[in-house]
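Trainee: structure for this input, please:
(chains A and B)
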Amino acid sequence: MKKAILLVSILLLFGNLPAQKIIYELPPKVTDYLSKYLSEKESAVEDSTLSIYLEKINGLYHLEVIEASFSKRITETIISNTARFVKVKDVYLPLVTEEDILFANFGETPPRKEGGPKGRVQILLIIDYFLIVKEIFTNSQNEKNSFIHVSAAPV
Amino acid sequence: MVVLLVLTNHLTAQNHLEYAFPEKVMNEINKYVNKQLSNNPKQTFYALLRSKNQNNEYTIYISEYTSGSNEKEDFLIANTNRLIHLDALKVPVILSEDFNFVAHGYGKRGDKTVPIRLHIICEGFYIRFSKTGKVIETGW
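Mentor: Reported below is the predicted structural model:
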């Protein structure tokens, strides 16, 4: 009986291993830019404080490297649970998408008036505040079609 | 028995990223899923969320799903960690970016090694909606 319980336990454990990572591989030129940038941010990479924010605007992808510590809500709700990571050479940065910011459940707000419906906590992302590097690109693997722009980097 | 209880607690403690779409969108999804479940109570589903179009509108597709039909799609659905809580069940949400950027192995194009991508096939019931929650269109 004990052996049977142990076997069932092992099967349950292996049948429900924590989710695997979903790895994003961006076009080579974008990865090269990111790699060059990250090589100058060794301590931040080692401390795992960087994440990548991705948004599609008018058919082009906008990418920002962000400090993971800038928002506790985003860190706890999205970054801790993202399951998606962007591969930059040997580094894997957690991914936050525009859809995550817009649709993630950050909790409820009290009703505006007694008996009214509860509201949703929504996060307004102001990119410029924590912008480090910005790249704009298509998802094409063809480098000729992959337009990249690197902007100034405050923070 | 203790081992089993510990395992159960551990597994139920795993966190997910829960999406909450605007109320009218959730109502449409619930209406569709409940109808499908009334025909087949064991039916499972997944949702595909397309990033916004040039009019800043989002589209979510609800597809009926049977695990084992497509290994690569199974991988995304099993590991997405994003879900919506419906009236009757939880539905995993995958993103259109998954199809553009996840490499499912590598192949050769000329001398170059290139990642193998999945082609996005949007099928099933869909809802197109604005950021403010206005339902623009529903259909198949």
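Trainee: with only the CA atoms kept, save the biggest helix by length in chain B in PDB.
Mentor: Counting residues, the longest helix in chain B under DSSP state H turns out to be helix B:23-39. What follows is helix B:23-39, C-alpha atoms only, in PDB (Å, rounded to 0.1, in the frame of the first residue of the first chain):
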ATOM      1  CA  GLU B  23     -17.500  43.000 -18.700                       C
ATOM      2  CA  LYS B  24     -19.300  43.000 -22.100                       C
ATOM      3  CA  VAL B  25     -16.500  40.900 -23.600                       C
ATOM      4  CA  MET B  26     -16.600  38.400 -20.700                       C
ATOM      5  CA  ASN B  27     -20.400  38.200 -21.100                       C
ATOM      6  CA  GLU B  28     -20.000  37.300 -24.800                       C
ATOM      7  CA  ILE B  29     -17.300  34.700 -24.000                       C
ATOM      8  CA  ASN B  30     -19.400  33.200 -21.300                       C
ATOM      9  CA  LYS B  31     -22.500  33.000 -23.500                       C
ATOM     10  CA  TYR B  32     -20.600  31.200 -26.200                       C
ATOM     11  CA  VAL B  33     -18.800  28.800 -23.900                       C
ATOM     12  CA  ASN B  34     -21.900  27.900 -21.900                       C
ATOM     13  CA  LYS B  35     -23.800  27.200 -25.100                       C
ATOM     14  CA  GLN B  36     -21.000  24.900 -26.300                       C
ATOM     15  CA  LEU B  37     -20.800  23.200 -22.900                       C
ATOM     16  CA  SER B  38     -24.600  22.500 -23.000                       C
ATOM     17  CA  ASN B  39     -23.900  20.400 -26.100                       C
END
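Trainee: show me which residues of it are buried.
Mentor: B:25, B:26, B:28, B:29, B:32, B:33, B:36, B:37 (16 or more other C-beta atoms under 10 Å in any protein chain shown). Where C-beta positions appear, they are placed from N, C-alpha and C, glycine not excepted.
Trainee: what's the spacing between it and its chain's center?
Mentor: How far helix B:23-39 lies from its chain's middle: 15 Å, per C-alpha atoms, centre = their mean, to the nearest Å.
Trainee: just checking, what packs against it?
Mentor: Helix B:23-39 sits against strand B:44-50, strand B:57-65, strand B:125-130, strand B:135-139, with contacts defined as 3 or more C-beta pairs under 8 Å, 6 or more residues apart in numbering or on different chains; DSSP states H and E.
Trainee: same thing but at 7 Å, please
Mentor: Secondary-structure packing of helix B:23-39 (3 or more C-beta pairs under 7 Å, 6 or more residues apart in numbering or on different chains; DSSP states H and E): strand B:57-65, strand B:125-130, strand B:135-139.
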